[in-house]
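1. My questions are about this predicted structure, shown below with the sequence.
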Amino acid sequence: MLQGMFQEGQMIKITNLEKFYRTEEVETIALNKLSMEVGTGEFVAIMGPSGCGKSTLLNILGMLDDPDDGSYVFNDIEVAHFNERKRADLRKHNIGFVFQSFNLIDELTVFENVELPLIYTGVPAAERVKRVEEVLDKMQIMHRRNHYPQQLSGGQQQRVAIARAVVNKPKLILADEPTGNLDSTNGNDVMELLTDLNEQGTTIIMVTHSEHDARYSHRIIRLLDGQAVVENIMV
Amino acid sequence: MIKNYLKIAWRNLIRNKGFSLTNILGLTIGMTCSIFIFLWVKDEVSFDRFHAGHNNIYKLMANRDFKNSIFTDENMAFPLAKALETGNPQIKYAVMTSHQENHLAQYGNVKLNKDGYQVSDQFFKMFSWKFIKGDAKTSINDPKSMVLTESAARAFFGNEDPINKVIKIDNQLNFKVSAIIADPPGNSTFKFDFIVPFEYTSTESKNRMHEWSNSSNFVFIEAMPGVKQEALNKYVNDVKHQNDSHDQISTYYTFAMNKWHLYGEFKDGKNIGGMIEYVRLFTIVAIIILLIACVNFMNLSTARSEKRAKEVGIRKTLGSDKKQLIIQFFFESIILTCIAFVFAIMAVYLLMPLFNSLVSKNLQLSVVEPFFLTGMVIIILFTGIVAGSYPALYLSSFNPVKVLKGTFAAGKSAVLPRRILVVGQFVMSILLISATIIVYQQIQHIKNRNIGYNPNNLMMVPSSQETDKNYVAIKQELFNSGLISAVTRTSAPITEVGWKSPSPDYEGKPAGSIIFAGLSTDVDFTKTMGTKVLMGRDFNAMPGDSGVMLLNKAAVEAMNLKNPIGMQMRYGPRKYTVAGVIENIVMESPYKPVEPLMVYYNPYGSRMIDIRLKNNADVKKAIQVLRVVFTKYNPNNIFDFKFVDQEFGKKLITEELISRITNIFAGLAIFICCIGLAGLASFTIEKRFREIGVRKVLGASVQQLLMLISTEFLKLVMIAFVIAVPLTWWFMNDWLQKYTYHVSISIWMFAIVGIIILLLTLVVVSINTLKAALANPVKSLRSE
């Protein structure tokens, strides 16, 4: 069992988590009785070769996918067998996502992209404007608020994506190779932003291939064939 | 939230211009057709509903049961209305009217032929006409009063006050204008320019009040609210039979005003519908066309789903649930529908005059009417929801993990439903096209039917007392022109049956009577009409002619006569000898068999002078000659003439109208199908752009590439064809059964339709494929 570093609160506890992918001929094990814990306020990096189950784990943690077996307790709530609506509800109030390919909606402006999570959580319009402007300011892309994603550089797009991930003040940010599509300068900027957020109290779980990026975290969990094999605690 | 939906829907429309235009065009055409059809249907079903008592007004009808057929008769005995009115609390009013008659009306120097009815005193109480001047209650109290329509009044008096002005009818009777009413609306069964009261006080009328066996007027009753139709039917039969015990073959019944227009056809004494069939048919056609347009939207939306998949994934990740996405996609389809609706309304306004001339109506679209507003909401919601349903459910069900990871192969699960929808579209189009061809063939078939006479180069001029007096001189002058080959006179236009009655009596006549049509003529009847004499001879102006009779072939068959020539017949008080047997002349419906006809010689009871032009005669010159001759010998009447072929053509008006409408709608349906196909083809090509490039590099020719893409669609069209053929056969065979004379559906027709559709598909798909097939493969390979 991999123990969380910060014991004042436990955010995530997964036990014997299993996930299979089946095609007509083969069954692939993506997660093989994986157990781990993440404490509130931790910054955890998950590493491992392609196909080791990193993204599957992140999707399950983000409640985008459900496990085939095992338990997933999020903030003391067992969510492994929640239906889609309940998961969506829990997700929109607690979790922010940052993707490698940014995943901004092309038809919406920077401002509108960032505003979207607030719309889904029912925040009133005036309050939304205030919060979106606040977070755009913090990410230093206020001047681009009326631009469309295609008009921005990769680094700027990822800043918008992070702004969108944090605008709802989530307890947890899940980042899937957030620097994968960026050059090193922009990549470092993004990692600095994540570190800042973590220092302000947000729990972060990040999947990465980059040892460099992983060093920003408190703890690295290395996966192989759906199992956790090594844990490095950073000093 | 709604603002966000609107925003993204709008930006999607703007960004995907091809998609939006294809859909808006399809939906606009679909909705334009539907609006026109619904306006037409609304007008058809609104007939006579403007009369306040329309729910309780009935026309009296009789089924007269003859041996050869049941004759449904609208003509009633003269005293019947008065007898019905007295002493039954269930009857509010009973009204008698004449047939609609055309008369010469004169005021000062203004002479006009006008249509009118003679009516009994309660006419304006039963029917709700809009009075502009004068009083409905008292307008026809005076037997010499006349009520004019607004347009007739304007024609006679211009801006003068028409009240109390005197109009002379047929150069004989003076009527004083007592009231002016608005022209009967387009959806009125009664059409007229003037109304005059029946004269009950004359000796002739007093005699007619005892005449129960002759029937020549229409009778209407208005029942008290809540009275059952069965009770009325029984009452009418009782009254008639109490007063006329000889009439053993007639059953009387009431025919509700609400059904007059839509259910106007009777066969063998039973109501067999009428316009209602076309109302139903076109309602279905409107829905089909709208559905075809909706299917375009469904197909194109799901075909470009890859583009929307990412958005769905992100929205789900950010906390949107499925319901919110479904609502969002419905929003988009409804917005698109609303835009198309605005265009459709503009198109309807622009095309309204054209459509009105097509259907010979005066329809109007009023956007403030409740009918329009409810109709608008129904059409938009129906289209938006039907079109949006499948895309909304399909798109909102995407799995965000797969979509965002890029492992999502969009469209695969939608391919089968999409194919089914395309097949459905083409089934409907093939059905419409085949139906159009069959309707056309049927009309041609009827037009080519042997009608027993030659209606071409045949003219009719109405008779008058003056033409009767001057007939010999008229005839001589006409012949002198060298343009005319024969002239006769008939008791009715050859395009209608003047009267019907039981057959004459003859030796060996079995029990029960046969119904006969009657016609009286002058000499040269068969020569003028171009009718073959099958046995015996025509009238030959010998003094003995007044005692001879001609029978048509149907009469000889119905009477079962072996040697008809020389047989003695008794008709009424007179005796006749059968002198000749003539070909069956189609005088009534060209769709029905010809009934037995007796023709006898009576030149003085004529309504029409029939004039046969020489084959090579200049028609304009002939009209000029007729005008000069008739103005000279018939100066008190307006010179009026008709071409028999045109009059006969009017019998085909409904079918020709139906044919024209189905032509247009079938054409539009296939057009909407084609633009949908074009859209789908361009998506397929977009998806297979790289594949096309690779194949080209490997040596595929342009034709091979065109076939590659086209085969996918041609297969679907062929499946549609196989489904559509039996369906069409089934529907159209049913329609044709209504006609005694009808074409049989030919397999060749289907083959031609099939080839046309296949070629059309090939052309539409090829045009879209050609660009990709001709493109430099380097470009497509680089685009990855």
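-> Structure received. Numbers count the residues shown, from 1 in each chain, chains lettered A, B, ... in the order given.

2. Kindly report the residues of chain B close to chain A.
-> When proximity is defined by CB under 8 Å from any CB of the partner chain, chain B lies next to chain A at B:1, B:4, B:7-8, B:11-12, B:15, B:310-311, B:313-322, B:324, B:400-401, B:404-405. For the C-beta atoms, the positions are set from N, CA and C on the backbone; glycine is no exception.

3. Which positions within stretch B:471-485 qualify as buried?
-> Within stretch B:471-485, the residues that count as buried by 16 or more other CB atoms under 10 Å in any protein chain shown are B:471, B:474-475, B:477-478, B:481, B:483-485.

4. show me the contacts for B:Thr577.
-> B:547-549, B:566-569 (CB atoms under 8 Å, 6 or more residues apart in numbering or on different chains).

5. rerun at 10 Å
-> Counting by CB atoms under 10 Å, 6 or more residues apart in numbering or on different chains, B:Thr577 touches B:536, B:544, B:547-549, B:565-569.

6. What of B:Thr521?
-> Shown in contact with B:Thr521 (CB under 10 Å, 6+ apart): B:488-492, B:494, B:528-529, B:538-539, B:550, B:599-603, B:605-606, B:608, B:610.

7. Quick check: B:Glu691 vs B:Ala773, distance?
-> 12 Å (CB to CB, to the nearest Å).

8. Can you pick out the residue with more neighbours from those two?
-> B:Ala773 (21 against 15; other CB atoms under 10 Å in any protein chain shown).

9. about what we covered before: just the buried members of the contacts of B:Thr521?
-> So, by 16+ other CB under 10 Å, the buried ones in those are B:488-492, B:494, B:528-529, B:538-539, B:550, B:599-603, B:606, B:608, B:610.

10. Looking at residue 1 now. What's its pLDDT?
-> No chain in the question, so chain A it is. In this model, A:Met1 is scored at 44, pLDDT.

11. Hmm, no, I was thinking of chain B.
-> B:Met1 is assigned 73 on the pLDDT scale.

12. got the contact list for it?
-> B:Met1 makes contacts with A:119-120, A:122, B:320, B:324, B:327-328, as judged by CB under 10 Å, 6+ apart.

13. Pick out the most distant pair among those residues.
-> Greatest spacing in these, by CB to CB: A:Gly122 and B:Gln328 (15.8 Å).

14. neighbour-wise, which of those two wins?
-> Higher neighbour count among A:Gly122 and B:Gln328: B:Gln328, with 23 against 8, using other CB under 10 Å.

15. Looking at the contacts of B:Thr521, which are in strands?
-> Within those, residues falling in strands by DSSP state E are B:488-490, B:550, B:599-601, B:608, B:610.

16. Looking at those residues, spot the one nearest chain A.
-> B:Met608 (74.5 Å; CB to the nearest CB).

17. Is that closest one in contact with B:Ser491, as I believe?
-> Yes: between B:Met608 and B:Ser491 a contact is recorded at 8.1 Å, counting by CB atoms under 10 Å.

18. overlap in contacts of these two?
-> By CB under 10 Å, 6+ apart, the residues touching both B:Met608 and B:Ser491 are B:463, B:498, B:521.

19. ok, those residues vs chain A, which is closest?
-> Nearest to chain A among these, counting by CB to the nearest CB, is B:Gly498 at 74.8 Å.

20. Look up the closest residue to that closest one, ignoring the ones flanking it.
-> The shortest distance from B:Gly498 to any non-neighbouring residue, by CB to CB, 6 or more residues apart in numbering or on different chains, is to B:Ala492 (3.1 Å).

21. Same check on B:Glu211?
-> Nearest to B:Glu211 is B:Phe78, by CB to CB, 6+ apart, at 5.6 Å.

22. does that neighbour really touch B:Glu199, like I thought?
-> No: using CB under 10 Å, B:Phe78 makes no contact with B:Glu199, being 11.9 Å away.

23. the more surrounded of those two?
-> B:Phe78 (21 against 12).

24. which residues does the residue lying closest to B:Thr22 once chain neighbours are set aside contact?
-> Closest residue in space to B:Thr22, ignoring its immediate chain neighbours: B:Gly679 at 4.4 Å, by CB to CB, 6+ apart. Counting by CB under 10 Å, 6+ apart, B:Gly679 makes contact with B:18-19, B:21-23, B:25-26, B:296-297, B:299-300, B:303-304, B:764, B:768.

25. now swap in B:Ser389 and tell me
-> For B:Ser389, the contacting residues are B:294, B:298, B:326, B:329-330, B:333, by CB under 10 Å, 6+ apart.

26. Tell me the helix or strand right after the host helix or strand of it.
-> In this assignment (DSSP states H and E), B:Ser389 forms part of helix B:370-396. As assigned by DSSP H and E, the chain's next helix or strand after helix B:370-396 is helix B:400-405.

27. What residues of that following helix count as buried?
-> B:400-404.

28. can you give me the angle whichever helix or strand comes after it makes with helix B:370-396?
-> Remark: after helix B:400-405, the chain's next helix or strand is helix B:415-447, criterion DSSP H and E. Orientation of helix B:415-447 against helix B:370-396 (axes from the mean of the first three to the mean of the last three CA atoms, to 10 degrees) gives an angle of 140 degrees.
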